[in-house]
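[1] Quick one, fold the following:
(chains A and B)
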There are 2 protein chains.
Amino acid sequence: MKSDIEIARAASMKPIMDIAGTLGVPTDAVLQYGPYKAKISLDYISSLADRPDGNLILVTAMTPTPAGEGKTTTTVGLGDGLNRIGKNAIMCLREPSLGPCFGMKGGAAGGGHAQVVPMEDINLHFTGDFHAITSANNLLAALVDNHIYWGNGCAIDVRRVAWRRVIDMNDRALREIVCSLGGVANGFPREAGFDITVASEVMAILCLAMDLEDLERRLGNIVVGYTRDKTPVTAKEIEAAGAMTVLLKDALMPNLVQTLENNPAFVHGGPFANIAHGCNTVLATRTALKLAEFVVTEAGFGADLGAEKFFDIKCRKAGLKPAAAVIVATIRALKMHGGVKKEDLGQENVDAVKKGLANLGRHIRNVGQFGVPAVVAINAFTSDTEAEFRAVEDYCTELGVEAIPCTHWADGGKGTEALAKKVVELSDSGRSQFRPLYDDDLPLWDKVRTIARSIYAAEDIVADKAVRDQFRQLQDQGFGHFPICMAKTQYSFSTDPNLKGAPTGHVVAIREVRLSAGAEFIVVITGEIMTMPGLPRVPAANSIRLDEAGNVVGLF
Amino acid sequence: MKSDIEIARAASMKPIMDIAGTLGVPTDAVLQYGPYKAKISLDYISSLADRPDGNLILVTAMTPTPAGEGKTTTTVGLGDGLNRIGKNAIMCLREPSLGPCFGMKGGAAGGGHAQVVPMEDINLHFTGDFHAITSANNLLAALVDNHIYWGNGCAIDVRRVAWRRVIDMNDRALREIVCSLGGVANGFPREAGFDITVASEVMAILCLAMDLEDLERRLGNIVVGYTRDKTPVTAKEIEAAGAMTVLLKDALMPNLVQTLENNPAFVHGGPFANIAHGCNTVLATRTALKLAEFVVTEAGFGADLGAEKFFDIKCRKAGLKPAAAVIVATIRALKMHGGVKKEDLGQENVDAVKKGLANLGRHIRNVGQFGVPAVVAINAFTSDTEAEFRAVEDYCTELGVEAIPCTHWADGGKGTEALAKKVVELSDSGRSQFRPLYDDDLPLWDKVRTIARSIYAAEDIVADKAVRDQFRQLQDQGFGHFPICMAKTQYSFSTDPNLKGAPTGHVVAIREVRLSAGAEFIVVITGEIMTMPGLPRVPAANSIRLDEAGNVVGLF
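    Okay, the predicted model is just below:
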């Protein structure tokens, strides 16, 4: 069996200019980055405003397990399938992060015969977007410390600097540091730290910005810290937003690549799916909707986190109206939710599948709460059996949704034709009545409770007085209309990663609340959220190298 | 009068494919980064090996003053001038650093009518080379701390980690930090720090590497720290070199852009000119020599630092044989060396010019020590007078070199035609008998003394016992054959920046010695060398922004 990278390397890619051509994008709107990557100019994108929108299809998933569910792979496979049945479709994916590639092996550009290419480029520097985000984030950090150093204007309290630096690297040594040591010339020593770039609020902002103007406005609203009397200080007040926008002007342009079947894909933006909203850029999605009949996109983690944020943050803010949702499930993941251990996943176990279906069922019902019709895609593995498929199909039929086995990993777009047809049918039916889960003017605390009860099936939410005070404070400061961005373990509906299946009656304890004033959401943190990963004992970096032919070895 | 950015924006650029075409580079060897930037593939470069080399012309300068000397501008102007008189010429320049653009106003892509374009791109992210270098440098740093964290193999002493992190930003808060705080999960707390990216040894290595293989070999030789018993630990020992090479594989390809007059320029690599050697990449220079009759390149700071390192490090190691050197002087700088204050530079002062000529004279004689014939380019300013020019010309004639006023800043290539003709004449004369200043097998201490006496006209060099021991140690460890990379103030032949003109009899005190085992030179530090700049009270970032038309404002 060929590896992902072998399949990717054997791809017969078309010049990216040809791919852009099939979309009707004029040559002068396409900025090439080598022969197979390009950015689409913002001027051209503006010119599309009056065109009608295509159908937006969300690919989400059941609660992830170590068995894997294949959401990106299914997004690519479905896009290829739609093109295959004669529909014009573009995929919208997230950009993978560079740093983690050097930790555990494995990229993030799909898999098998459902991949976007050039895979190595996409997983490495790509078109430099993440580097630009790192630069913009760290320019702001340097300006904050410079402001403190010179004692300029509004006096930021060194104990209350909220803005952290970022780096696109797994580097635990930078999680907690003391900076500005070494005496008068280097500033005022203070506690600080680095997050990984995808966790930067700049990343979330880039992904939600409608255009350059909106980008600059949002960057200016970032709260970088507080004065001694707790007055927030924004990036705009220290005059950072203009320069940050300049650093991001190219990064805001969507990146065009292609699938193994030469269909167009935008791979653009990649915010963390816990402390941020986990979707590709609004700009790429909106551009794709102007250029194609169908736009297939994904959201991070399971539907409790990814789809909820996609609907309640991205769609709400960008005025998007999804036509249908695909919920990816695997027999293996269902078995794990049904209590089977990873080493026993290869054996048929219909009872375990049936037991695990409670997890899938809740995700199906949850998507329904947003008024979006759904279909289940069973991402097939060779070890799956007919009886196991049947169990899923029967269960789903009872819930009024279809479950369709898909073999895109092995067969590419041919393996998702049935799924593609169903997606077209759901879209054409006009059944979607998209509505966010809660209203903008619901108090912040009540928004969190709504999510916890409706989506997680929790009994209630709890928090210490300090945290509850923070909620009230944010409400008082005028941020009450922001949506909520939940940071919760992706491995359970509850806050306990070990609670598989569909737990009920649990209580969601809120540990911390953070304001993302530029991204325009309130991050509600439950449990421990790691924003700077470390490297394992034997990092992938140890075996990554170029072979004699100049190919990258050890990355995937 | 138009500003540099206005002139640059008014440029009528040709598609970069056309520029590559005039050089005979086939389309599939050109990787476009937008319409006006490209990288040249390494495979194509390898295929040029058997071609004869063109003439290599070094542009260097007298000792710099705040009045400015215009070395990059003259390099561009001379290249345009050579093309104008019918010679095929390529310029090889250094890439500017992103970080400093947000500190003091001003980019580094030439000036007036002698610029490389697209200027904004070149000064911002360009083709991402510096980001790749930052990533490779910081991956190594993360691997070092990860190695310590897990207690893998050779036990690096946390007090003896030599490898610092880098960021392409002026950020004094990161000069000295304590990292790995926060307990067991985050590692062993230790002192650390960040340099600006151009100061990374990875930058110096990229600029000296002959090909990917040589790059990986050099990266592997980097000494990242020492064990408790002072045994050096290399990047190769912690298995970092392969992954670093993968991160740098695109960055190693030379970047092609054009001048305002549509002549080709490679802008590639930009190491610090104090703790590194301050020249563009060997690969760009060697490629240019295969593609053109004349290659005009520059070296950082004045000839005492830049030209010496260009000859003794770059040319020695890459087997380059420069045909001629251009020493840039300005009437203003000569006056400053003659004792005139900055505010009085506008007034004619022939006596001061004459007094300042001692500085230029020594640089002329120094270049002669390398066996390379020279010509002086007087970079003209509107305030210069005939009498002042005459003084320079007369003085130079006595020294057997020609001094030619050039008006490229105002007139582009037309303003350097006389200079270009002289450069062709010197090259055609076959007068160059290039030889480095010292032999490889001279002891390290004696190499430094040779530079100090021959180039700086110093009486001698001195150092504390600890530093002298270090010299002996490096010699014992087998690094005695490396060339020396002097880190000295660029504002004087001596180590005192206030000693203008041509001081003699001074003593060079060596403060520190550093091994760059990957770059393959020994850095000898005199005085305070700043490897992480700070931002001024009112940084340029405060006024940088995009205007309504999407143009960058405030950067230049």
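[2] Going along the chain, name the helices of the stretch 51-200 of chain A.
    A:71-84, A:119-123, A:129-150 (DSSP state H, counting those that start in this stretch).
[3] again with the stretch 251-400 of chain A
    A:282-291, A:308-309, A:316-318, A:331-337, A:350-369, A:386-398.
[4] To B:Ile327, which of these lies closest?
    Among the helices of the stretch 251-400 of chain A, the nearest to B:Ile327 by CB to CB is helix A:282-291 (50.9 Å). Any C-beta I mention is one placed from the backbone N, CA and C, and that applies to glycine too.
[5] I'd say A:Ala173 and B:Asp145 touch.
    Yes: with contacts counted by CB atoms under 8 Å, A:Ala173 reaches B:Asp145, the gap being 3.9 Å.
[6] Overlap in contacts, those two.
    B:179-180, B:187 (CB atoms under 8 Å, 6 or more residues apart in numbering or on different chains).
[7] Which ones among those residues map onto strands?
    B:Cys179 (DSSP state E).
[8] out of the shared contacts of A:Ala173 and B:Asp145, which are buried?
    Buried members of the shared contacts of A:Ala173 and B:Asp145, counted by 16 or more other CB atoms under 10 Å in any protein chain shown: B:179-180, B:187.
[9] Also near chain A: which of those, exactly?
    When those are filtered against chain A using CB under 8 Å from any CB of the partner chain, the residues retained are B:179-180, B:187.
[10] any idea which of the residues you listed is closest to B:Gln347?
    Distances from B:Gln347 to these, taken by CB to CB, are shortest for B:Cys179, at 53.8 Å.
[11] Quick check: bridge partners of A:Ile90?
    Applying DSSP bridges to A:Ile90 yields these beta-bridge partners: A:Val295.
[12] where does the stretch 51-200 of chain A have low pLDDT?
    Where the stretch 51-200 of chain A drops to pLDDT under 70, the residues are A:67, A:105-107.
[13] Next, A:Arg9: phi, psi?
    phi -70, psi -30 (degrees, to the nearest 10).
[14] Quick check: closest non-adjacent residue to it.
    A:Asn551 (7.0 Å; CB to CB, 6 or more residues apart in numbering or on different chains).
[15] what about stretch A:158-171 and chain B, touching?
    Yes: contact of stretch A:158-171 with chain B (CB under 8 Å from any CB) involves A:165, A:167-171.
[16] List, one by one, the residues from the stretch 451-556 of chain A near chain B.
    A:534-535, A:537, A:539-546, A:550, A:552, A:554-555.
[17] same check, this time on the stretch 151-300 of chain A
    A:152, A:165, A:167-182, A:185-187, A:191-192, A:212, A:216, A:239-243, A:245-247, A:249-250.
[18] How is A:Leu48 assigned, secondary-structure-wise?
    coil (DSSP: H, G, I helix; E, B strand; the rest coil).
[19] quick one: pLDDT of it?
    On the pLDDT scale, A:Leu48 is placed at 98.
[20] So it sits against A:Thr287, correct?
    Yes: between A:Leu48 and A:Thr287 a contact is recorded at 6.9 Å, counting by CB under 8 Å.
[21] the more surrounded of the two?
    In this view A:Leu48 and A:Thr287 are compared by other CB atoms under 10 Å in any protein chain shown, and A:Thr287 has more residues nearby, 26 against 16.
[22] what's the distance between the more buried one and chain B?
    Here A:Thr287 is placed at a distance of 17 Å from chain B (CB to the nearest CB, to the nearest Å).
[23] residue contacts, the residue of chain A most remote from its centre?
    Distance from the C-alpha centroid of chain A, by CA atoms, centre = their mean, peaks at A:Val184 (42.3 Å). A:Val184 makes contact with no residue, according to CB under 8 Å, 6+ apart.
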